[in-house]
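A.B. asks: just coords:
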């Protein structure tokens, strides 16, 4: 049956009929994820043809009768769902602004009125006062002739902190697209200084930045992951030379740097993904061209947000080769060489690390090694599109075992607890069949704090909570020994120290150093021999050079 499937796939035509659209095309049209579109299909709001493509008729009906008129599935409707009424909120805020309410409470009041869905959609998470204070604590001296900008000022916490530190109100500027937030900030300035500022304005900073002068200081908490159309992302990326870093946090970062005075200071509060995920690589490389002063981990200050909040404070100056960055995390303060980050895979800025750990990482990358990039084929686990109905807990006719990420352990693989139909055409997404059927493959957990691999020689199928790789025939290490290496305590430590993630991503695995010459010397893998080969030792839960 599986061989017939291969033949069928080889003969299968891939052209898309003119009277239908792919899921990806519809997702692009509405600026949502493919998951959202598939949810619309599951809830019968869109219809598909025999090939799984969306029919023109159902799409036209969807646009005319559902978008903006019917309540969509919560997960599938982030673009259109807004559970609060803007006009009601504006009236409430205006009443507060016009009343005797203390202006410093207006920001908190306004944010409380915004729905979680709306804040997530727009990337709105106002900066806690203590974070603004801490980020700006090094700003000292005579600031009377210095200019300050917050390009997305919200309710004005950075703005008010700047004035408190000595910037003249008339030299403080701010923009925000939200008229209510702008009014709150202006009232706070007026109440605290008596100055009726005309420099706090409503507007989209990404659109007006090209018309602005240079500023001496720029501090802000930009929108995190605000929804933009594909066309806007391409436009801003081209304009700011942002490369693939098209998240709004990155775009605001590039835009702000374009109006930062030479020798000026910039501080951004960002999601921790900015410092380690591939899509932010261009932004990190840009940051490393400047002299980074501080990197601070504030953990998770925003309710309902999984990302940690981390700050980067830099000066618009070229860093010297021996420049050290102050890094602050877990109540620790350490000094790290900035050049170290430039040497990291993907220029990852992994600043929650001790200096002696940096030495170990630099050392192991100086030894001869190869990587999995261009030496292995990677594949995803099966995405059924409906695990609840398509995965069974007991064997049935024409069903085969399938393994989850939690079934994979460093000591082996658990007995299967799920079964799926053997016809892989029934599922939303699969890897090429030959990868599942490879005589030997490595399967690994996708969501995990540490590397967890299993060498499979029985052509097992896996769900998308696990992924796989098949080594090229000329790879100098056999799969079983590579599995032992990747499962070692040291490799998990190295992976976490560099990538600081709970997802085991293909690009990260492809960057790990595989010390192939160890196997030429020792043959088989043991952790003890590996540490001897590397010239390091384990001490107090971490590693140091001998």
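C.D. replies: Received it, and whenever you're ready, just let me know what you need. On a predicted model such as this, the values are computed, not experimentally measured, just so you know.
A.B. asks: got the end-to-end distance for stretch 422-439?
C.D. replies: This stretch, stretch 422-439, spans 18 Å end to end (CA to CA, to the nearest Å).
A.B. asks: settle this for me: residue 471 is touching residue 482, isn't it.
C.D. replies: Yes. Using CB atoms under 8 Å, residue 471 is in contact with residue 482, at 7.0 Å. Placement of C-beta: from N, CA and C, glycine included.
A.B. asks: give me the number of residues near the closest residue in space to residue 307 that isn't next to it in sequence?
C.D. replies: The spatial neighbour of residue 307 that comes closest, neighbours along the chain excluded (CB to CB, 6 or more residues apart in numbering), is residue 271 at 3.9 Å. Burial of residue 271 is recorded as 22 neighbouring residues (other CB atoms under 10 Å).
A.B. asks: gap between residue 217 and residue 263?
C.D. replies: 11 Å (CB to CB, to the nearest Å).
A.B. asks: who's more crowded, these two?
C.D. replies: The neighbour comparison of residue 217 against residue 263 (other CB under 10 Å) goes to residue 217, with 24 against 10.
A.B. asks: so which strand or helix has the more buried one?
C.D. replies: Taking DSSP states H and E as the criterion, residue 217 maps to strand 215-220.
A.B. asks: likewise residue 360?
C.D. replies: Using DSSP H and E, residue 360 falls in helix 355-366.
A.B. asks: can you name the next helix or strand after that helix?
C.D. replies: For helix 355-366, the following helix or strand on the C-terminal side (DSSP H and E) is strand 376-380.
A.B. asks: in its sheet, what does that next one sit against?
C.D. replies: strand 466-471 (antiparallel) (DSSP bridges).
A.B. asks: mean confidence for the partner strand?
C.D. replies: Taken as a whole, strand 466-471 carries a mean pLDDT of 98.
A.B. asks: distance between it and the chain's centre?
C.D. replies: Centroid separation between strand 466-471 and its chain, computed with CA atoms, centre = their mean, to the nearest Å, is 23 Å.
A.B. asks: so what touches that strand?
C.D. replies: The contact list for strand 466-471 (CB atoms under 8 Å, 6 or more residues apart in numbering) reads 372, 375-381, 403-405, 407-408, 431, 435-436, 438, 440-446, 456, 462, 477, 479, 482, 504, 506, 509.
A.B. asks: which PyMOL command selects the buried ones in those residues?
C.D. replies: Buried subset of the contacts of strand 466-471, written as a PyMOL selection, criterion 16 or more other CB atoms under 10 Å:
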select buried, resi 372+375+376+377+378+379+380+381+403+404+405+407+408+431+435+436+438+441+442+443+444+445+446+456+462+477+479+482+504+506+509
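A.B. asks: out of the contacts of strand 466-471, list just those in helices.
C.D. replies: 435, 436, 479, 482, 506, 509 (DSSP state H).
A.B. asks: report the angle between the longest strand seen in the chain and strand 215-220.
C.D. replies: If you go by DSSP state E, the chain has its longest strand at strand 260-271. Put simply, strand 260-271 runs at 10 degrees to strand 215-220, going by axes from the mean of the first three to the mean of the last three CA atoms, to 10 degrees.
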